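Student: build me a model:
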Amino acid sequence: MKSKILIVMLGTALAFPGVVLAQTASESMHQAGIQTEQAADDTGHALVDTYHGAKTATIDTTITAKVKTALDRNDTTKHQDIHVKTQAGIVTLRGDVSSARVADQAVRVTDQVTGVKGVRNRMVVATASR
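Tutor: Numbering: from 1, shown residues only. You can find the predicted model right below:
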């Protein structure tokens, strides 16, 4: 009895292969559609991330330029070796300065620049023994 059922099923599959393949093709097309939609979503997210990254980098470059200009125009900080780096609006000041007063003034000047979200003071007060 089992062999007769198996033979009937096999015969049906051989007689109507399009039915079996149509189901498989339909499933394949559906899966391909889902994968294409996911790829489009991923691409869209990547483009948005790239845009925001480029926008942040442009803003950071502008802030860095403004801070350097402000430090150069300030009588206390203008002749000091202060390096400026900005990342996501946070400005890091590095370099050797002549006194703690100069470092404090550099932080104050930087903090007043439009767009600065915070200041990290990594400046070192140069000593005579250096």
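
Student: what strand or helix carries Val107?
Tutor: If you go by DSSP states H and E, Val107 is part of helix 100-111.

Student: following element in sequence after that helix, please.
Tutor: Taking DSSP H and E, what comes next after helix 100-111 is strand 118-125.

Student: export that following strand as PDB, just CAs?
Tutor: Only the C-alpha atoms of strand 118-125 are listed here, as PDB (Å, rounded to 0.1, in the frame of the first residue of the first chain):
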ATOM      1  CA  GLY A 118      32.900  71.300  25.400                       C
ATOM      2  CA  VAL A 119      36.700  71.900  25.800                       C
ATOM      3  CA  ARG A 120      39.300  69.300  26.800                       C
ATOM      4  CA  ASN A 121      42.500  71.000  28.100                       C
ATOM      5  CA  ARG A 122      45.500  68.800  27.200                       C
ATOM      6  CA  MET A 123      48.000  71.700  27.300                       C
ATOM      7  CA  VAL A 124      51.200  71.400  29.200                       C
ATOM      8  CA  VAL A 125      52.800  74.400  31.000                       C
END
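
Student: can you list the strands that that strand pairs with?
Tutor: Looking at strand 118-125 with DSSP bridges, its partner strands are strand 90-97 (parallel).

Student: just want the angle from the partner strand to helix 100-111.
Tutor: 150 degrees (axes from the mean of the first three to the mean of the last three C-alpha atoms, to 10 degrees).
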